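S.K.: The sequence isn't on hand, but the structure is:
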């Protein structure tokens, strides 16, 4: 058996490359060879109306990217992919994530989908701002639907800041979300493999409402209690994820789901918790591939 680990074509930061190297190590420890490759060699093309592949000799792919085109091509070629394409695409769009989890018993902050603008010169209407303030209150979070590491997330404390943030993101998919003051500067990152939480990390920040490690937050071990697992595992299973990081806010009445990351970086998580995330994920992938092979 041999695996392929695909990372984004432009990754260069250590935090982004760490998961691929660790997975390669753990696959090797489990007796399985794997190649780590950047997604920059055009592994697929459409020629003569047919999908053509440049990949040969691989039994599975761990996809540490969000490029949906190559992702769909991988699945179209019949290669087992972790995570599944539909799950990655849903998690990549934060509003799609909330829509997919609505009605699934997952507590989430009140959220409004942004109004996508195709005319940069068109101003955000006062009525729009009034409705956001009326339904979600102030301060309010304005968040771009695509992004990671805390980028593209803004806290509007008053109407003027809301107007400025809405104007900034109006031509980009975005959402408006009720600000959870009780979770200012802190949240929990839970890691789930195969729909089961394997551990959790508290993330805190000094002076910033965002607690992302990439935005300067610090991590420390955190107990994965029953309430936490219920929310994180419920989200992971509802989205059909083999691996994910689930970010939870501290609401006044319990945990609230903030985001679900299908290709969550886990370097800091392994460092502060001592949990071997890469081994857990590698073992899950191999079990799933073997089960699929036996079922065919």
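M.R.: The structure has been received and is ready for your questions. All values derive from a computational prediction rather than experimental measurement.

S.K.: contacts and neighbour counts: CA atoms only from here.
M.R.: Will do.

S.K.: Make sure residue 220 is indeed in a helix.
M.R.: No: applying DSSP: H, G, I helix; E, B strand; the rest coil, one finds residue 220 to be strand, outside a helix.

S.K.: Pull up the per-residue confidence for it.
M.R.: With respect to pLDDT, residue 220 scores 95.

S.K.: hang on, isn't it packed against residue 271?
M.R.: No: counting by C-alpha atoms under 8 Å, residue 220 stays clear of residue 271, with 9.2 Å between them.

S.K.: Pull the contacting residues for residue 80.
M.R.: 59-61, 74, 289 (C-alpha atoms under 8 Å, 6 or more residues apart in numbering).

S.K.: Now tabulate these in TSV and tack on secondary structure.
M.R.: What follows is those, written out as TSV (three-state DSSP):
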residue	secondary structure
59	coil
60	strand
61	strand
74	helix
289	helix
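
S.K.: Which two among those are spaced furthest apart?
M.R.: 74 and 289 (15.0 Å; C-alpha to C-alpha).

S.K.: From the neighbour counts alone, determine which of those two ranks first.
M.R.: residue 74 (21 against 17; other C-alpha atoms under 10 Å).

S.K.: contacting residues around that one?
M.R.: Counted by C-alpha under 8 Å, 6+ apart, residue 74 has contacts 80-81.

S.K.: And the contacts of residue 80, which is closest to residue 52?
M.R.: Of all the contacts of residue 80, residue 74 has the smallest distance to residue 52: 10.5 Å, by C-alpha to C-alpha.

S.K.: From what I see, residue 110 and residue 180 are in contact.
M.R.: No: using C-alpha under 8 Å as the test, residue 110 is too far from residue 180 to be in contact (9.8 Å).

S.K.: related to what we said a few turns ago, list just the nearest of the contacts of residue 80 to residue 203.
M.R.: Set against residue 203, the nearest of the contacts of residue 80 by C-alpha to C-alpha is residue 61 (30.2 Å).

S.K.: And the closest one, how close does it get to residue 84?
M.R.: 10 Å (C-alpha to C-alpha, to the nearest Å).

S.K.: go on, residue 123?
M.R.: Going from residue 123 to residue 84 by C-alpha to C-alpha gives 39 Å.

S.K.: And the two? Which one has more around it.
M.R.: Using other C-alpha under 10 Å as the criterion, residue 123 and residue 84 rank with residue 84 on top: 20 against 12.

S.K.: List the contacts of residue 152.
M.R.: Counting by C-alpha under 8 Å, 6+ apart, residue 152 has contacts 143-144, 146.

S.K.: Buried only: go through those residues for me.
M.R.: Taking 16 or more other C-alpha atoms under 10 Å as the criterion, what is buried in the contacts of residue 152 is 143-144.

S.K.: residues in contact with residue 172?
M.R.: Residue 172 is in contact with 116-117, 144-145, counting by C-alpha under 8 Å, 6+ apart.
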